[in-house]
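J.: Need a 3D model of the sequence below.
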Amino acid sequence: MGGSPAPTHPREHHEHSAARRDRPAHRRLADNPAHSEASFTARHPMARVRGSFDPFGGTITVGDDPTRSSVRAEIDTASVDTRNADRDKHLRSADYFDTDTHPTAHFESATVRVQDNGGYSVEGFMTIRGESRPVTLDLVLLGVAEDPWGGTRAGFRASTRISRSDFGVTGNVPLPGGRALIGDGVEIALEIEAVRQR
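T.: Below you'll find the predicted structure:
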């Protein structure tokens with residue numbers, strides 16, 4: 001994506017995006033929390049620690065032209081779960097997510113581009129601790145199918161990598177030799193089952 005222009009902040013495209021969502025050709029899907037997951041991975045210190053957020057919600061507005069689609073996702077930061085209660089409590093503190101002040105984090109798309117491999121690059125803004133930064137999600141459509149109740153469901157997988165310090169998440173523990181306990185790079189993965197809204 002090095003040659004792609006930087007996305008415009010979604011607030012600057014509010015009226016334009018709203019007009020696009022109103023077009024009859026667009027189909028709105030909401031994620032099914034029971035079959036969706038938002039997870040992350042960070043170095044700690046020689047291995048990797050995995051965590052997840054639940055609840056995780058979002059909507060996908062799909063256009064007949066995929067590049068006219070849009071994505072919005074939101075997580076409850078206080079729901080962070082790394083399978084260690086003491087660590088999760090620390091992650092909720094002001095050293096990390098500061099969940100009392102910033103209870104949610106979200107992503108809102110600005111541009112969707114089709115990749116050569118058939119996937120999609122979803123460029124937009126991620127907001128954590130009130131800090132918004134441009135982020136690109138690599139998204140794959142896993143499939144679309146009718147469910148037993150007459151609805152339509154679609155599966156998506158998305159991933160990206162961010163530097164947590166860009167969002168003010170700078171907590172750490174120093175180690176000998178000038179190293180730090182937790183790496184700055186964080187891999188984010190989304191597994192989404194979305195249901196078409198009637």
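J.: quick one: average confidence on the longest strand seen in the chain?
T.: What stands out as the longest strand in the chain, according to DSSP state E, is strand 131-146. Here strand 131-146 scores 95 as its mean pLDDT.
J.: chain center to it: distance?
T.: 8 Å (CA atoms, centre = their mean, to the nearest Å).
J.: So for the helix or strand just after it, what gets flagged as buried?
T.: Per DSSP states H and E, strand 131-146 leads on to strand 152-163 as the next helix or strand towards the C-terminus. Going by neighbour count (16 or more other CB atoms under 10 Å), the buried part of strand 152-163 is 153, 154, 155, 156, 158, 160, 162. No exception for glycine: its C-beta is placed from N, CA and C like everyone else's.
J.: quick revisit: who are the packing partners of the longest strand of the chain?
T.: Where contact means 3 or more CB pairs under 8 Å, 6 or more residues apart in numbering; DSSP states H and E, strand 131-146 is packed against strand 104-114, strand 120-128, strand 152-163.
J.: 10 Å instead?
T.: Judged by 3 or more CB pairs under 10 Å, 6 or more residues apart in numbering; DSSP states H and E, the packing partners of strand 131-146 are strand 56-62, strand 70-76, strand 104-114, strand 120-128, strand 152-163, strand 185-196.
J.: Going by neighbour count, which residues in that strand are buried?
T.: Going by 16+ other CB under 10 Å, strand 131-146 has these buried residues: 132, 135, 136, 137, 138, 139.
J.: Tell me the bridge partners for the fourth one.
T.: On the basis of DSSP bridges, residue 137 is bridged to residue 122.
J.: Next up, the contacts around it.
T.: Counting by CB atoms under 10 Å, 6 or more residues apart in numbering, residue 137 makes contact with 71, 73, 107, 109, 112, 120-124, 126, 156-160, 188, 190.
J.: Could I have the buried ones of those as PyMOL selection syntax?
T.: A single PyMOL command selects the buried members of the contacts of residue 137 (16+ other CB under 10 Å):
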select buried, resi 71+73+107+109+112+120+122+123+124+126+156+158+160+188+190
